[in-house]
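Chemist: pasting a predicted model and its sequence here:
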Amino acid sequence: MGRWEPGAQTRLREAAWTLFGEKGYNETTVAEIAARAGLSSRTFFRYFPDKSEVLFADPEQERQVADELTRLISSPPAGTTPFDALALGLREVASFWGRDWSLARQRHHLIRLHPDLTERESAKIRQLADV
């Protein structure tokens, strides 16, 4: 598969997760991730600014989740209490990660092991909270 074929970003994410599991996060290089995905390091950097971004949602997905969360809280369905609107929003966020709970658990564990990743996760959560 070439770099221009659909799914390059997904292949890079899957390769990264596989390598993180096999070798560990710190021991895995961008070059190894790209090679495992059948792509070049240059292609990796078209999709991710650095290795750690593989762990986080892409900006478009983040915007979609933030927009839906904002919509549910600011304009809840008729007859919905504020608490129920918040619960609907949290379900939306959970459904984003709920597609693969084992990956979500692995991601959470990996982020908690690395202070720099924990800080980046916290920053992304603060951005979502600001919406």
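Modeler: Great, that's in hand. None of the values given here were measured: they were computed from a predicted structure.
Chemist: and the residue sitting furthest away from the middle of the chain, what are its phi and psi?
Modeler: Most distant from the centre of the chain: residue 79, at 32.9 Å, with distances by Cα atoms, centre = their mean. Main-chain torsions, residue 79, degrees, to the nearest 10: phi 80, psi 10.
Chemist: surely residue 80 and residue 88 touch.
Modeler: Yes - using Cβ atoms under 8 Å, residue 80 is in contact with residue 88, at 7.2 Å. C-beta here means a position set from N, CA and C on the backbone, and glycine is covered the same way.
Chemist: those two: which is more packed in?
Modeler: Using other Cβ atoms under 10 Å as the criterion, residue 80 and residue 88 rank with residue 88 on top: 17 against 14.
Chemist: I'd like the mean pLDDT over stretch 50-64, please.
Modeler: The average pLDDT within stretch 50-64 is 80.
Chemist: about what we covered before: overlap in contacts of residue 80 and residue 88?
Modeler: When contacts are counted by Cβ atoms under 8 Å, 6 or more residues apart in numbering, residue 80 and residue 88 have no shared neighbour.
Chemist: ok, back up a step: give me the pLDDT for the residue farthest from the centre of the chain.
Modeler: 88.
Chemist: from residue 85, how far off is it?
Modeler: The gap separating residue 79 from residue 85 is 11 Å, by Cβ to Cβ, to the nearest Å.
Chemist: any idea how many residues pack against residue 115?
Modeler: Residue 115 has 9 nearby residues by other Cβ under 10 Å.
Chemist: next one: residue 121
Modeler: When neighbours are defined as other Cβ under 10 Å, residue 121 has 18 of them.
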